[in-house]
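S.K.: With the input below, show me the fold.
(2 chains)
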Amino acid sequence: MNKNIKVILFIVLSLIQLAIPVQMILGKEYVLKNGEVFKFRIEPIDPVDYFRGNYLIINFNDNKIPVDNSKDYTINQTVYAIVENYSDGFAHFTAVSPSVPESGYYVKTKVLYTDGEAVYIKIPFERYYMDESKAKLAEEEYNKSLRDEKDVYATVRIHNGDAVVDGLYIDGYSIEDYLRNQ
Amino acid sequence: MKEKNIKWLYEELPVLISKGILTQETAEEIRKYYGEADERNWLKIMIAIFGTLGAILIGGGIILIFAKNWDTLSVGARTVLSLTPLIISQLIGLYVVLKKSGSMAWKEGISVFIALSVGAAISLIGQTYNISGDRTSFTITWMLLIVPLVYIFDAFTPSLIYLAGITFWAGFEQSEGGHAALYWVFLGILVPYIIKAFKNTGSNRSVLVLWALCLNLCVSLGIVLEKVLPGLWIIIYSSFFTVLFLVERTYRHKTDSLGQQPFNVMGTMGILVISILLTFEGFWDSIGWHEYRHDTRFNELAGIVDYILVALLLSGAVYLFLKNLNTRNSKNNKNSITLVYGFAALLSVICYLLASVYRDGSIPVVLYNAYVFVMGVYTIVYGIRNKHMGVTNGGLLIISMLIIVRFFDTDMPFMVKGLSFIMVGIGFIVSNVMLIKKQKEVNSHE
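M.R.: Residues are numbered from 1 along each chain as shown, chains lettered A, B, ... in the order given. Here you go, the predicted structure:
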């Protein structure tokens, strides 16, 4: 390959390599700034080691969306799950659609499995990364708070099908602040 | 001629000229004929190896430090942090392209460093924004962003990362209920590089790429298959190993060292292993002819890829087999062994059809037992004719394997089993003694 062509190709490649992460950042920042905030009730969580660091798995307890035509959905199919706030102030998935909904808030995700009456979706925001020294502590505090029936939830910002976990909260405090106050 | 020998010859030339055996002109002619003696510079190779290892360690270290996840850092600081190693590695990369394009060490080292920096950047962003564990898109984004490095730097380490990456991607896809047919497109991106390596027999890096490709395909073939038609893997794997075996013998420059012949070695091993497996009736009985895949997990498009794969691999194997069959009359006794091993693909088709028509594996089992036996005998004959002890013992080993596996699953009387063991044992000793004698005769003649 000619040297000049190589140089040009390398510069183009470098720009693409930079553009992809930057585009990821901008996309997520946009959702964080402009997305609507939803509070999701969550179940106990575990820290899991991974190459990317320690994170807490957020077990959202409702991924079941009742539908009449569950046979029309297949495993791993891309779907749009519609999110609505109930009167208790917490968000729930209320409906699912194979195409982009025209109105309302929704997240783009995939079908995990179906049964005769409902579609079960993959929750596309189930990780919350934490400092490795704090992840274990966070899990313990979290489970304790759940037993004490404190208010435990995650806030998620949703915009145009994209969702970003904003924070985890115990009694109105972010988990980082809560751990600091302990 | 080997480079070592050429170098020796060149050292001799001045002596020969001074003694009047060669003229100056003839010596020049000889130089022209053999070209430059380009002996490998081991120092350079060592620097390249340690440079690459260093880059892998530094890049891996950066990923791990990022994985600590400082929650005290602001989002802005993390963004800068995730992109800094990438930008630094890219700037060094630009310097290498401009000034150090002749240095293997620089090219291998920096391309690995860039490859890992890209992975680190995407990982850290995933962490910052709590992006869920979408392994498939993470892996494939990373791989597609680094594969051009292989061509721009003519570097082989990123090609190994890429091969491993796309195989992991295929595995993730299949395990999550997706389909991995795109694997072939991703592999296709590397094909020009692989062809170049195939033609270049002198370079260790090329040979390593080919080894990696062979191992990779052995694994990924099984992952990527949608397994639509039961038992189709029999034809696919038989044809795949046959193509590997024949392609090197047909097209690639011959070398003596087995390490330099990845396709030949993997093909031979693969043909033997699969043929011995298929001598067990259990494999044919467990095909499950009724379990044609048509449930929700079956992807029609990916199923078609299975059929295309069969068609391509099988026609390739048959074409190469016929090509070798036509050159049979030349006095090359290597050819008969090529034909025996190269028959594996055709045999698998015959047996698959027989098994599917009769819903019974007894005929294929007999055929495969006979086939393994014939392979063993031909290997022994070939080894004795060429006075090659390793090959002869290999042939005996094949026959021993056949007897050992049959020992466990047939109702042969112990008398027959015992006698066959003794006969193979005698075969081992006699053939080795014969070969050693022949070797000695040759040595004493010299």
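S.K.: Moving C-terminal from the least confident helix or strand in chain A by mean pLDDT, which element do we reach first?
M.R.: Ranked by mean pLDDT, DSSP states H and E, the helix or strand of chain A with the weakest confidence is strand A:47-48, at a mean of 56. With elements assigned by DSSP states H and E, the helix or strand that comes after strand A:47-48 is strand A:54-57.
S.K.: in its sheet, what does that following strand sit against?
M.R.: strand A:47-48 (antiparallel), strand A:127-130 (antiparallel) (DSSP bridges).
S.K.: and A:Lys108, bridged to which residues?
M.R.: A:Tyr80.
S.K.: same question but for A:Lys39, I mixed them up
M.R.: Under the criterion DSSP bridges, A:Lys39 forms beta bridges with A:Thr155.
S.K.: Quick one: residues contacting it.
M.R.: Under the criterion of Cβ atoms under 8 Å, 6 or more residues apart in numbering or on different chains, the contact list for A:Lys39 reads A:Gly89, A:Phe90, A:Ala91, A:Tyr153, A:Ala154, A:Thr155, A:Val156. C-beta here means a position set from N, CA and C on the backbone, and glycine is covered the same way.
S.K.: Out of those, which end up buried?
M.R.: A residue is treated as buried here by neighbour count (16 or more other Cβ atoms under 10 Å in any protein chain shown); on that basis the buried members of these are A:Ala91, A:Tyr153, A:Ala154, A:Thr155, A:Val156.
S.K.: quick revisit: name the weakest-confidence residue in the contacts of A:Lys39, if you would.
M.R.: Here the lowest pLDDT out of the contacts of A:Lys39 sits on A:Gly89, with 80.
S.K.: who's in contact with it?
M.R.: For A:Gly89, the set of contacting residues under the criterion of Cβ under 8 Å, 6+ apart consists of A:Lys39.
S.K.: you'd agree it is in a helix?
M.R.: No - the assignment for A:Gly89 by DSSP: H, G, I helix; E, B strand; the rest coil gives coil, which leaves it out of any helix.
S.K.: Got phi/psi on it?
M.R.: Backbone geometry at A:Gly89, expressed as degrees, to the nearest 10, gives phi 90, psi 0.
S.K.: and the gap between it and chain B?
M.R.: Per Cβ to the nearest Cβ, to the nearest Å, A:Gly89 is found 22 Å from chain B.
S.K.: quick one: A:Arg157 and chain B, what's the gap?
M.R.: Plainly put, A:Arg157 is 10 Å away from chain B if you go by Cβ to the nearest Cβ.
S.K.: what about that residue, which SS state?
M.R.: Three states are possible here, and by three-state DSSP the one that applies to A:Arg157 is strand.
S.K.: Need the three-state assignment for the residue in the stretch 151-300 of chain B positioned nearest to chain A.
M.R.: Going by Cβ to the nearest Cβ, chain A is nearest to B:Gly177 of the stretch 151-300 of chain B, at 4.0 Å. Under the three-state scheme (three-state DSSP), the conformation of B:Gly177 reads as coil.
S.K.: In TSV: the contacts of A:Lys39, plus distance to B:Leu53.
M.R.: What follows is those, written out as TSV (distance: Cβ to Cβ, whole Å):
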residue	distance to B:Leu53
A:Gly89	55
A:Phe90	52
A:Ala91	50
A:Tyr153	47
A:Ala154	42
A:Thr155	45
A:Val156	43
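S.K.: how's chain A carved up into domains?
M.R.: With automatic domain parsing serving as the domain definition, the record reports that chain A contains domains spanning A:1-34, A:35-181.
S.K.: wouldn't A:Asn34 be in contact with A:His159 here?
M.R.: Yes - in this structure A:Asn34 lies within contact range of A:His159 using Cβ atoms under 8 Å: 5.5 Å.
S.K.: tally of neighbours for B:Glu12?
M.R.: By other Cβ atoms under 10 Å in any protein chain shown, 13 other residues sit near B:Glu12.
S.K.: Contacts only, for the residue lying closest to B:Ile399 once chain neighbours are set aside.
M.R.: In space, B:Ile399 comes closest to B:Gly376 once its chain neighbours are excluded; the distance is 3.9 Å by Cβ to Cβ, 6 or more residues apart in numbering or on different chains. With contact set as Cβ under 8 Å, 6+ apart, B:Gly376 has these partners: B:Gly395, B:Leu396, B:Ile398, B:Ile399, B:Leu402.
S.K.: Quick one: distance of the helix or strand that contains the first one to the chain centre.
M.R.: Element membership of B:Gly395 [criterion: DSSP H and E] is helix B:389-409. Put simply, helix B:389-409 sits 24 Å off its chain's centre (Cα atoms, centre = their mean, to the nearest Å).
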